[in-house]
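> Provide a 3D model corresponding to the input given below.
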Amino acid sequence: MSTIFPREEKAEQIFDRILTNPNACERLKNTFFEAIPSAEESEGAGTDIPGTVFAAALFNAYENKDLSAFLMAVCNNSVFDLLRNSFLIPIRFNDKGVENPVLLTDDKGNLLNEFKNHLYEKKYKMFHKLYEEQDEIPDYQMYMADGFRENHSYTDSGEIVTEKISKHTGILLMFRFPESVKLDINEDRIYAVVWDFLMRLQEELPRALMYYGVRDEEGREKNTATLGIFLPFHHFETKMEKNIEIANGIGLGCREHILAEINRQAGK
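The predicted model follows:
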């Protein structure tokens, strides 16, 4: 894809000279934010980062056509951070080897030993009551868990750091596929189904998280074999029983559509 404007000749030389001059970098940063209405009043807008870091991110984005490199400098989010944090794409289980969500209970609904402290006591009582009263659904499991989202930014020295944001305790609903089902299929088509149901989830339960993929402790990428919907207590506890019912309908509907797509691709 071509760029909007012709690229300047000898751009790298220009950039290198500017980067050696902190005052020039600061002027460039100030000019950028002066062109954005109310940027100075926007918390976390990037105005507090050093001019040298801002300029380096801008030039790196220009040279490599890497928008994320620049966005991280001005809003602490990569392109995909923005999508995930806008609830526009699902989150992979244990993406890049980082456990997310963190399970606080076992398959029988018991609080794991390492989490038996007062921080979880009240929430666990609520969870356990719901766990005991849940409907019997094949290949389905309910957990109490900690879930979070991420953003990325630069340190003053220009290094990339990952930060956990919006960490909440809640209820995780897991929708697995029968072991007899072979998932060697078109992953793009399955992702399209997951995305459609994510949009339904946001319409019904705004700020619920949807996870997909295989829970892999080593962070390996595999085909979608598990779906998850996470309901933070902070947003959903006042009507949690009803919210779980809605989430189950969406999760089960998504699983059925994926199974139908599997059968279609297999010619059944």
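> Number of residues surrounding the closest residue to Arg176 other than its chain neighbours?
Of all residues beyond its chain neighbours, the one nearest Arg176 is Asp139 (4.3 Å), with distances taken as Cβ to Cβ, 6 or more residues apart in numbering. To be clear about C-beta, it is placed using only N, CA and C from the backbone, and glycine gets the same treatment. Asp139: 14 surrounding residues under other Cβ atoms under 10 Å.
> Let's test this: what are the backbone torsions at Pro50?
Torsion angles at Pro50 (phi, psi; degrees, to the nearest 10) stand at phi -60, psi 150.
> Just confirm it contacts Asp156, I think it does.
Yes. With contact defined as Cβ atoms under 8 Å, Pro50 and Asp156 form a contacting pair (5.7 Å).
> In which helix or strand does the residue lying closest to Tyr154 once chain neighbours are set aside reside?
Spatial nearest neighbour of Tyr154, chain neighbours left out: Val53 (5.1 Å); criterion: Cβ to Cβ, 6+ apart. Per DSSP states H and E: Val53 is located in helix 51-64.
> which residues are in contact with that helix?
Residues outside helix 51-64 that contact it (Cβ atoms under 8 Å, 6 or more residues apart in numbering) are 11-12, 15, 18-19, 22-30, 32, 46, 66-70, 72-74, 154, 156, 158.
> Would you mind measuring from the residue nearest to Tyr154 to Glu26?
Using Cβ to Cβ, to the nearest Å, one gets 11 Å for the distance from Val53 to Glu26.
> hang on, Leu227 is in a strand, isn't it?
Yes. According to DSSP: H, G, I helix; E, B strand; the rest coil, Leu227 belongs to a strand.
> Before I go, just wanted to say thanks for your time.
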